[in-house]
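Asks: pasting the sequence and the predicted model now:
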Amino acid sequence: MSKKIIVLPGDGIGPEIMKSAVKVLETVADKYGHTFEFDNHEIGGAAYDKHGEPLTDETVNACVQADAILLGAIGGPAYDELPTHLRPEQGLLKIRKALNLYANIRPIKGFAPLLHASPLKESVIDGSDIYVVRELTGGLYFGTPRERRDDGNTVVDTLLYHRHEIERIVEKGFESAQLRNKHLTSVDKANVLESSRLWREIVEEKKRDYPDVTIEHMLVDSAAMKLITNPTHFDVIVTENLFGDILSDEGSVLTGSIGMLPSASLSDEIGLYEPIHGSAPDIAGKGIANPLGMILSAAMMLRYSLNMNDEAEVIEKAVEQSLEAGYYTADLSIENGTQVGTEEMTDIVISHIN
Ligand code: NAD
């Protein structure tokens, strides 16, 4: 198969880990007889440096025409003083909105050799396997007005959701639960927020279409506690934008390092795949970044956008085998293991694919 993939390395460690993902994908292409055409574009600070804005329309158009998109990470201290509309994260928000990437999928599953690296007890996290479905293009991050008033002493953010935006993400939650262990936890704050009350009503309406799925409602504060005290309680979590952002980062502690976690952002037409971490400016350029979250994001891309399940599984297995063989990057630790840099880790994963 021949596929066109837009590559957006971004800032900080983004280009380093993207190099790893592309190398792994090239290996998979060789093994399975595919052709991947990689088309590089800038996003975030890199796009600001080159084009004066964090994402150009030309890049958006290229993305629309591609089969899938890979993104490294954006942001860095060099851009902290820019006005809001030029800041790197605006590139990310723009692409999500422009491509209607409304469903953010974050699988949170620990790898056995890393369980001890989590700050949580191994006995608590052992067996946890959670799939977070987060709404990505609505809610507090996009609502207007969003402004300062009274000489900056009063602020307004707006939490806005339309029924159809809630319906489609709730459906994604139910569909995901059907493909897994058929247990869906809908997270809201219905005791306080009007948007959460509509959310809960819609979940109640939709559950009739998925009789095989057990549904529970959980307030976000409870969910935040349960996620680290009893993570094996969860199968699929569906929630709105802000709650999903926070809960999925919290969930990353189950896996030992934020550097391990992949994500997919999906519309009904296309998917963008990126690790959940940021651009890690503190370690950028040192050759020590963990490339595994990015590599696992490439595996998700093969599965969800390119319909290449076997190829995705080969990558996931290779990552697992590399960790089982005792190799780890500086953000992790494996007892009696060998610490390696980004490039070495990538080559070790590749050696388990070939
Ligand atoms: P971060 O995720 O970049 O880093 C947090 C900590 O985790 C740092 O100590 C970093 O070294 C470490 N880390 C992250 N990824 C790692 C990896 N792959 N390997 C090894 N260690 C890793 O979060 P931050 O420091 O809060 O933010 C830095 C910049 O990234 C900011 O400009 C922020 O806006 C941006 N950011 C971007 C995204 C994105 O691109 N989607 C997400 C979050 C933050």
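Replies: Now that the structure is in, tell me what you want to look at.
Asks: for the stretch 151-300 of the chain, which residue gets nearest to the ligand?
Replies: Across the stretch 151-300 of the chain, no residue is closer to the ligand than Gly278, which sits at 2.4 Å (Cβ to the nearest ligand atom). Every residue, glycine included, has its C-beta placed from N, CA and C.
Asks: you'd agree that residue is up against Pro77?
Replies: No: between Gly278 and Pro77 there is no contact under Cβ atoms under 8 Å: 11.7 Å.
Asks: more neighbours: which of the two?
Replies: Remark: of Gly278 and Pro77, Gly278 carries more neighbours, 18 against 11, as counted by other Cβ atoms under 10 Å.
Asks: now do the SS call for the more buried one.
Replies: Under DSSP: H, G, I helix; E, B strand; the rest coil, Gly278 falls in the coil class.
Asks: what's the burial count for Tyr304?
Replies: Per other Cβ under 10 Å, the neighbour tally for Tyr304 reads 17.
Asks: in terms of contact, does it touch Gly271 like I think?
Replies: Yes: look at Tyr304 against Gly271 with Cβ under 8 Å: they come within range, at 5.3 Å.
Asks: what do those two both touch?
Replies: Counting by Cβ atoms under 8 Å, 6 or more residues apart in numbering, the residues touching both Tyr304 and Gly271 are Ala264.
Asks: on that earlier part again, can you tell me, leaving aside adjacent residues, what's nearest to the residue of the stretch 151-300 of the chain closest to the ligand?
Replies: Among residues not flanking Gly278 along the chain, Ala73 sits closest, at 5.2 Å (Cβ to Cβ, 6 or more residues apart in numbering).
Asks: sorry, back to before: ok, the residue of the stretch 151-300 of the chain closest to the ligand - contacts?
Replies: Counting by Cβ under 8 Å, 6+ apart, Gly278 touches 12, 73-75.
Asks: the ligand: which of the residues you listed is nearest?
Replies: Nearest to the ligand out of the contacts of Gly278 is Gly75 (Cβ to the nearest ligand atom; 2.4 Å).
Asks: what is the neighbour count of Val192?
Replies: Close neighbours of Val192, defined as other Cβ under 10 Å, add up to 11.
Asks: for it, grab phi and psi.
Replies: The phi and psi values for Val192, taken as degrees, to the nearest 10, are phi -130, psi -40.
Asks: for Val220, see how far away it is.
Replies: 10 Å (Cβ to Cβ, to the nearest Å).
Asks: the ligand contacts on the stretch 251-354 of the chain?
Replies: When proximity is defined as Cβ under 6 Å from any ligand atom, the stretch 251-354 of the chain approaches the ligand at 258-259, 274, 277-283, 289-290, 293, 331.
Asks: which among these end up buried?
Replies: In these, burial by neighbour count holds for 258-259, 274, 277-281, 283, 289-290, 293, 331, counting by 16 or more other Cβ atoms under 10 Å.
Asks: how far does the lowest-mean-pLDDT helix or strand in the chain sit from its chain's centre?
Replies: Least confident element among the helices and strands of the chain, by mean pLDDT, DSSP states H and E: helix 122-125 (a mean of 91). Here helix 122-125 is found 23 Å from its chain centre; the criterion is Cα atoms, centre = their mean, to the nearest Å.
Asks: mind checking the longest strand of the chain?
Replies: Looking across the chain with DSSP state E, the single longest strand is strand 2-10.
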